[in-house]
Each structure stands twice: as structure tokens, then as C-alpha cells.
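*Asks:* need a 3D model of the sequence below.
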Amino acid sequence: MRGLVVFVCLVVFVDTVFYAAITPILPELSDEYDLSKTAAGVLAAAYPAGTFVGALPGGWLAARAGTRPTVLLGLGLLVVSSLAFAFADSIVVLDVARFVQGIGGAASWAGALGWLIGAAPRERRGELIGTALAAAIVGALFGPVLGAAAVALGQAPVFAFVAGMGAAMMAWALRLRAAQPEGDSRLRTLLASLADRRVGAGMWLTALPGLLFGTLAVLGPLRMDELGAGATAIAAAWLIGAALEAIINPLVGRLSDRRGRLIPSIAGVVGGALVMLALPWPSSAWVLGGLVIVAAPLIGTLWTPAMAMLSDGAEAFGVAQGFAFALVNLAWATGQTAGAAGSAWLADAAGDQVPYFVLAGICLLTLAMLVRRRARVAV
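*Replies:* Down below sits the predicted model:
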């Protein structure tokens with residue numbers, strides 16, 4: 001079990017390293033290709049858009065063909081897209097490379113998390129999901145460092161290194177023992193599981209932090225750049241924030257196993273609302289960077305209980321866990337794409353304050369629903 005946990009953690013780590021590397025180089029790419037905020041948002045959103053497209057096929061493949069072939073496919077697409085990103089000479093190639101990596105990420109996550117959840121004792125599900133997410137967040141933590149290295153050294157050697165990491169992970173996957181797929185892999189069963197409130201709530205609480213982080217990943221670095229921060233300072237803010245988020249996720253997972261999924265979810269929604277209300281106002285790059293650091297662990301509190309909640313509900317319908325994770329990918333990709341591209345478009349049209357205030361309102365509405373649900377459970 002320990003070896004599987006380490007492997008799954010490395011799979012999601014490698015994937016999120018490439019995903020998050022865009023943050024500190026987004027201002028440079030915007031200058032190089034003369035991108036508007038909307039165009040920069042499209043580049044940032046290309047990965048989650050690919051994840052959205054690949055979510056159901058990746059989950060179905062994990063349930064039918066098995067978790068290992070699905071992980072191998074995802075890592076193979078990581079290698080190809082990383083090499084394309086390394087040697088790209090146009091914004092179109094960059095957009096396509098990010099999109100393909102999003103498809104690969106959907107397969108990697110469905111296969112790896114389905115592999116882990118299928119082997120995990122139910123009473124430790126939240127804890128192990130939190131551990132895997134902590135590894136993913138550490139990947140997000142190193143992603144900006146990788147992006148800053150790409151600014152200093154060039155994209156070719158840095159993203160070729162990411163491709164090498166993906167190839168090494170493929171070799172490791174071939175050496176691990178994988179269990180046969182279990183559970184129902186029919187689409188109608190997956191859709192039927194949406195009738196369980198835990199599945200619907202888990203999807204929304206996965207989409208919401210994607211929405212918040214997607215917005216922050218585009219508007220945050222662009223605003224810090226406007227205020228005079230360089231790629232290193234931008235990377236540092238995301239680095240520290242991701243480190244804090246990585247620390248809390250296993251703890252949040254244990255809390256959700258012992259006290260239920262709603263308590264940490266309520267805390268995350270409150271934190272998200274407060275951060276969104278605060279983000280439009282800083283006129284100093286240092287203050288904005290500080291808010292980014294605080295935002296990461298507060299918003300990130302939502303991930304683990306949301307995914308565990310969805311997994312619990314899908315299990316009650318007999319859905320294969322790899323296939324159930326397709327719903328996680330769909331929810332995350334929808335939120336992340338809407339946050340990155342939609343909020344960037346809205347900021348172009350009406351200013352940064354508008355998307356932040358809209359998101360704060362969404363968080364408050366979600367809080368009201370969670371509090372109401374908790375009151376019903378208590379009764």
C-alpha cells in the first residue's frame with residue numbers, strides 16, 4: 001500500500017508541476033505574443049478545457065481497461081505535450097500543448113486516484129485523498145519555480161526535463177502490480193449516482209475552488225506584474241501559498257474522516273469568500289502577494305472533503321472509483337476553465353473587481369446551502 005501511495009503522489013506531482021509552471025511566465029508570454037487578458041486566460045484555461053474533454057473517456061478507460069493503462073496513457077500525453085511546449089514558436093502551439101496535457105491529466109488522475117481509492121480502507125479514504133492532493137499541491141508549489149527557471153534558462157531545457165520525468169514515471173508504472181477494475185463502468189450508472197446528494201455536492205465543491213483558483217491564477221500574476229513584481233516574486237508567492245496548502249490537506253482529510261465532510265467544506269467556503277472580497281484592493285505587489293499566500297490554504301481546504309464526499313456517494317451506487325473520478329475531473333475542469341477564461345474576459349470588460357465580487361457572492365450562496373444542509377443533518 002505504501003508503494004502505491006508514493007507512486008500516486010508522484011503521478012499527480014509531475015502533472016501539476018507542468019500545469020502550474022505557467023503562472024510566473026504568463027506575463028512574459030503575454031508580452032512576447034502581445035496577448036490581451038482574454039488571450040492569456042485562454043492559454044491558462046487550455047489545460048482545464050482539455051481535462052473537461054478527457055474526463056469521461058479517462059474515467060471510463062480506468063474502469064474498463066484498468067488503472068495502469070490509463071495512467072500510462074496520461075503520462076504519455078504529458079511527455080508529448082511537454083516537448084511541444086518546450087519547442088513551441090507560436091501561441092497556437094502553446095494553446096494546443098496545454099490542451100493535450102489537460103487530456104492527459106484527466107487520464108492520469110482518473111487512473112491514479114481510482115487505483116488508490118480502490119485499494120484504500122474506507123475509514124482512511126479522506127486521509128489518503130488528502131495525502132495525494134498534498135503531493136499535487138507540492139507539484140503546484142514547484143510549478144512556479146519551474147516556470148521561473150524557464151524564464152531564466154529558456155523553455156526548451158526546462159520542459160524537456162518535465163518530459164523526462166513523465167517517461168521515468170511510465171517505466172515505474174510498468175513495474176507496479178495493479179488490481180483488476182472493480183465496480184460498474186456504465187455511463188447510466190454514473191449518471192444515476194448524481195441522484196445522491198453527496199455526488200452533486202462533491203462536484204460543486206470541487207468546481208468552486210477550481211473557479212476561484214482559475215481566476216486567481218490569471219488575474220493575480222498579471223496584477224502583480226503591473227505593480228512591479230518580477231517572475232521570481234510571483235513564483236515565490238505561489239510557492240509559499242502552495243506549501244501551506246500542502247501541509248493542511250492531509251489534516252483536513254483526517255478531519256473529514258472523523259467529523260464528516262461538511263465542517264471543513266464550510267470553513268473553505270468562508271475562506272474563499274473573504275479572500276475574494278479582499279483581492280481587488282491592494283495597490284502594492286507585496287500586499288497582493290501576501291493575499292495570494294493566504295488564499296491558497298483557505299480555498300484549498302475544499303478539495304479533500306469534496307472529493308471524499310463524491311467518492312462516498314458514487315460508491316453507494318456501485319460505480320467504479322476510476323469512473324467516479326471522471327466527475328471530479330469534470331467538475332474541476334469546468335470551474336478552472338470558467339475561472340481562467342471567463343473571469344479574464346469579465347476583467348477585460350469591467351475591471352478586476354467584478355469577477356472577484358461575483359465569486360465572493362457565489363461563495364456566500366454556497367455557504368448558506370451548506371449551513372442549511374448541516375442543520376438538516378443535525379436534526
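
*Asks:* every contact and neighbour count from this point should use C-alpha atoms.
*Replies:* Will do.

*Asks:* which element follows whatever helix or strand residue 322 lives in toward the C-terminus?
*Replies:* Assessed by DSSP states H and E, residue 322 sits inside helix 321-337. The C-terminal neighbour of helix 321-337 among helices and strands, as given by DSSP H and E, is helix 343-350.

*Asks:* quick check: angle from that next one to helix 321-337?
*Replies:* 20 degrees (axes from the mean of the first three to the mean of the last three C-alpha atoms, to 10 degrees).

*Asks:* and the contacts of helix 343-350?
*Replies:* Counting by C-alpha atoms under 8 Å, 6 or more residues apart in numbering, helix 343-350 makes contact with 37-38, 40-41, 215, 218-219, 352-355, all of which sit outside it.

*Asks:* kindly report the same for stretch 155-168.
*Replies:* Contacts for stretch 155-168 (C-alpha under 8 Å, 6+ apart): 14, 18, 75-76, 78-80, 82-83, 85-87, 146, 149-150.

*Asks:* check stretch 187-196 too.
*Replies:* 199-200, 313-314, 317, 319, 323-324.

*Asks:* can I get the contacts of helix 343-350 in CSV including secondary structure?
*Replies:* Converted to CSV, the contacts of helix 343-350 look like this (DSSP: H, G, I helix; E, B strand; the rest coil):
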residue, secondary structure
37, helix
38, helix
40, helix
41, helix
215, helix
218, helix
219, helix
352, coil
353, helix
354, helix
355, helix
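
*Asks:* of the residues you listed, which is the most crowded?
*Replies:* Using other C-alpha atoms under 10 Å as the neighbour test, the contacts of helix 343-350 are led by residue 215, with 30 neighbours.

*Asks:* show me where the stretch 51-200 of the chain dips below the pLDDT cut-off.
*Replies:* Where the stretch 51-200 of the chain drops to pLDDT under 70, the residues are 118-123, 125, 141, 178-183.

*Asks:* for the helix or strand hosting residue 276, packing partners?
*Replies:* When secondary structure is defined by DSSP H and E, residue 276 falls within helix 262-278. Using 3 or more C-alpha pairs under 8 Å, 6 or more residues apart in numbering; DSSP states H and E as the contact test, the elements touching helix 262-278 are helix 197-226, helix 231-259, helix 285-300, helix 303-316, helix 353-378.

*Asks:* most neighbours of all the contacts of stretch 187-196, which one?
*Replies:* Of the contacts of stretch 187-196, residue 324 is surrounded by the most neighbours, 35 neighbours in total, counting by other C-alpha under 10 Å.

*Asks:* quick check, it in contact with residue 309.
*Replies:* No - using C-alpha atoms under 8 Å, residue 324 makes no contact with residue 309, being 11.3 Å away.

*Asks:* report the secondary structure element holding the residue nearest to residue 222 when sequence neighbours are not counted.
*Replies:* Nearest-residue entry for residue 222: residue 27, 6.1 Å, with adjacent residues in sequence omitted and distances by C-alpha to C-alpha, 6 or more residues apart in numbering. According to DSSP H and E, residue 27 maps onto helix 22-32.

*Asks:* export the contacts of stretch 187-196 as TSV, with columns for distance to residue 371.
*Replies:* What follows is these, written out as TSV (distance: C-alpha to C-alpha, whole Å):
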residue	distance to residue 371
199	18
200	16
313	20
314	23
317	26
319	28
323	30
324	26
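
*Asks:* ok, now which ones touch the closest residue to residue 59 other than its chain neighbours?
*Replies:* In space, and not counting its chain neighbours, residue 59 is closest to residue 323: 3.9 Å by C-alpha to C-alpha, 6+ apart. Neighbouring residues of residue 323 by C-alpha under 8 Å, 6+ apart: 56, 58-63, 110, 114, 185, 190.

*Asks:* change it to 6 Å
*Replies:* Residue 323 makes contact with 59-60, 63 under the criterion C-alpha atoms under 6 Å, 6 or more residues apart in numbering.

*Asks:* what of residue 325?
*Replies:* With contacts defined as C-alpha under 6 Å, 6+ apart, residue 325 is in contact with residue 110.

*Asks:* how far away is it from residue 112?
*Replies:* 10 Å (C-alpha to C-alpha, to the nearest Å).

*Asks:* over to residue 33?
*Replies:* Distance from residue 33 to residue 112, counting by C-alpha to C-alpha: 36 Å.

*Asks:* cool, thanks, talk later.
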